[in-house]
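predicted model and sequence below, questions to follow.
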Amino acid sequence: MSLSSYVKTSPFNHQKIAYSRMVKKSSFGLFMEPGTGKTLPTIGYMGRKFESKGIRRAMIVCPSTAITEWELQLAQHPAFEFELVVLKGKAKKRRELWANHVTKPYVPTVVLMTYENMRIMEPEFKLWKPEMMILDESQHIKNSRSKQSKSAHRLGKLARYRIIMTGTPYHESPLDIYSQFKFAKPDLFEGSYTHFRDTYAILDFMGYNVKRYKDLDQLAERVRPHIYAKRKAECLDLPPYSDRMIKVEMNDAQARAYRQVTKDFILETADNEILPLPLVITRLIKAQQVTGGFTKNEDSILRLGSSKIIALEEVIDSIPPQEKIIVFCKFIEEIKQVRELLDRMKLTHVSLYGGTPDKGKVIRDFQVEKTKRVIIAQIKTGGASVTLTESNHTIYFSKSHSYLDYDQSRARNYRPGQTKRVTYYHLLCEGSVDELIHQAVESKMSQAEVMNSYLKLLGVKTHV
């Protein structure tokens, strides 16, 4: 049976090939770059095994940033029936969801969770005995000694079918592949990680750091029969750009601050029939600051921690290390947070905002110097009259509510001179003004329409 028998969406040619390579295997690796569509053949594989092998219990494990995307894909593409259980939110909610599900053992089920929740709920999953496990962005288990990786390895032993999916299998080193295949195909490499490392790497005289690698052609030959690899540049039938919505949950401090900002505004406007536009804009900005991880008054800035920073790190980790990245932010404080993250990740970066002394030099450095991997740009400053075609990845940490700013920013790398397919990533705090602003700029709302939509979202019966 072909891929089209199990999905409603017409697959691209490379997706058909990926499915045909993996469908006869009990373990396989899809090493396909972000934007090439590795989810579709995986859904087809799952449908085929549900139908032909009678399996009933499948687990999909992914970073928190990919949960929403998987929910959308699993709602849109499968041409077969199953129950989807999404384990997200607080621990109590997750366990209630799980308790409700385990009373239906004969219903074909797909359980979707983060890597952290896989580790935390490993005892429950062991009792459930998954028949299929799919690890999306499997570089998250590259460290074979981490608790997360060990949990995946143990659960993988229970599953008849095991799939790893990533665009960056060798994220920091060719040795990253060991732990991923310890999950997917444990018999591929003999012996321990130390034996594997000594086979393919030469250490310094202290025996701690890798000086250089060896016999990588042999490593590639060993892995090749068990993977399908594809780069976006090789997929000629792909559209020229794609968008990924990445929904994140605010942390407790953000959620409390967001509720307070909303409550204060509702009380402030209770007796007004018509509100001045500047007042509504100010309150919307305050709500945006909270989703960006901070609050601000006249004298100081209070950081709340940012769930978007965690999501941003996961997105960057999923992008091939040789490819450059644009990160757009609305606020200077967000730029500072992103800089700190990139410093921790040891990624070289430049910044472009209103106070940048020599903007031309910053742009030239990013475009010309291979070592400058990320540019962090304030959306009003870096969104217009700037060419950033060295990057084919744009991440919106936050947005202005202006359609013009948004449209200009998208054109910074999707323009003449761009030779690669562009991917846009949108970080959105669920149930917040982020989602409203994204919808507003996508539908080209005027400023007054955006503010009236914000009032409607709050349940305020007034208008600007």
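All right, it came through fine. Every value quoted in this text rests on a predicted model; they were computed, and no experiment measured them.

any idea how far Arg57 is from Lys126?
Computed as C-beta to C-beta, to the nearest Å, the Lys126 to Arg57 distance reads 12 Å. The way it works is simple: take the backbone N, C-alpha and C, and place the C-beta from them, glycine included.

which one's more surrounded, those two?
Ranked by neighbour count (other C-beta atoms under 10 Å), Lys126 and Arg57 place Arg57 first, with 19 against 14.

for that one, give the beta-bridge partners.
Under DSSP bridges, the beta-bridge partners of Arg57 are Thr109.

I'd say it and Leu127 touch.
No. Using C-beta atoms under 8 Å, Arg57 is not in contact with Leu127; the gap is 11.2 Å.

right, and Val111 touches Val61 too?
No. Using C-beta under 8 Å, Val111 is not in contact with Val61; the gap is 9.1 Å.

more neighbours, those two?
Between Val111 and Val61, counted using other C-beta under 10 Å, Val61 has the larger neighbour count: 28 against 24.

wait, doesn't that one sit right on Ile134?
Yes. If you go by C-beta under 8 Å, Val61 and Ile134 touch, sitting 7.0 Å apart.

ok, which stretches of the stretch 301-450 of the chain are strands?
For the stretch 301-450 of the chain, the strands defined by DSSP state E, counting those that start in this stretch occupy 301-303, 324-329, 349-352, 374-378, 391-396, 422-429.

show the average pLDDT along the longest one.
When pLDDT is averaged over strand 422-429, the result is 95.

try stretch 64-80
When pLDDT is averaged over stretch 64-80, the result is 90.

picking that back up, so which of the strands of the stretch 301-450 of the chain comes closest to Phe12?
strand 422-429 (15.5 Å; C-beta to C-beta).

convert that closest one to PDB, retaining C-alpha atoms only.
C-alpha atoms of strand 422-429 as PDB (Å, rounded to 0.1, in the frame of the first residue of the first chain):
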ATOM      1  CA  VAL A 422      12.800  29.900   3.700                       C
ATOM      2  CA  THR A 423      11.200  28.800   6.900                       C
ATOM      3  CA  TYR A 424       9.400  31.200   9.300                       C
ATOM      4  CA  TYR A 425       8.900  30.100  12.900                       C
ATOM      5  CA  HIS A 426       6.300  31.900  15.100                       C
ATOM      6  CA  LEU A 427       6.700  31.700  18.900                       C
ATOM      7  CA  LEU A 428       3.200  32.300  20.400                       C
ATOM      8  CA  CYS A 429       2.200  32.000  24.100                       C
END
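
run me through the strand neighbours of that strand, direction for each.
The sheet places strand 422-429 alongside strand 241-248 (parallel), strand 391-396 (parallel), with pairing taken from DSSP bridges.

for Tyr178, find the nearest of these.
Closest among the strands paired with strand 422-429, using C-beta to C-beta: strand 391-396, at 27.3 Å.

now do that closest one against strand 374-378, angle only.
With axes from the mean of the first three to the mean of the last three C-alpha atoms, to 10 degrees defining the directions, strand 391-396 sits at 40 degrees from strand 374-378.

can you pull out the low-pLDDT segments for the stretch 301-450 of the chain?
383-385 (pLDDT under 70).

helices of that one, residue ranges please.
For the stretch 301-450 of the chain, the helices defined by DSSP state H, counting those that start in this stretch occupy 307-318, 332-344, 359-368, 379-382, 403-410, 433-442, 447-458.

could you dump these into JSON lines with mean neighbour count and distance to Met245 added?
JSON lines is the format used below for the helices of the stretch 301-450 of the chain (neighbours: other C-beta atoms under 10 Å; distance: least, C-beta to C-beta, whole Å):
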{"stretch": "helix 307-318", "mean neighbour count": "21", "distance to Met245": "11"}
{"stretch": "helix 332-344", "mean neighbour count": "18", "distance to Met245": "19"}
{"stretch": "helix 359-368", "mean neighbour count": "16", "distance to Met245": "26"}
{"stretch": "helix 379-382", "mean neighbour count": "20", "distance to Met245": "18"}
{"stretch": "helix 403-410", "mean neighbour count": "18", "distance to Met245": "15"}
{"stretch": "helix 433-442", "mean neighbour count": "20", "distance to Met245": "8"}
{"stretch": "helix 447-458", "mean neighbour count": "18", "distance to Met245": "18"}
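
quick check: which of the ones you listed is nearest to Lys324?
When the helices of the stretch 301-450 of the chain are compared by C-beta to C-beta, helix 359-368 sits nearest Lys324, at 7.1 Å.

got the contact list for that closest one?
324, 350-352, 356, 372, 375, 381, 386-391 (C-beta atoms under 8 Å, 6 or more residues apart in numbering).
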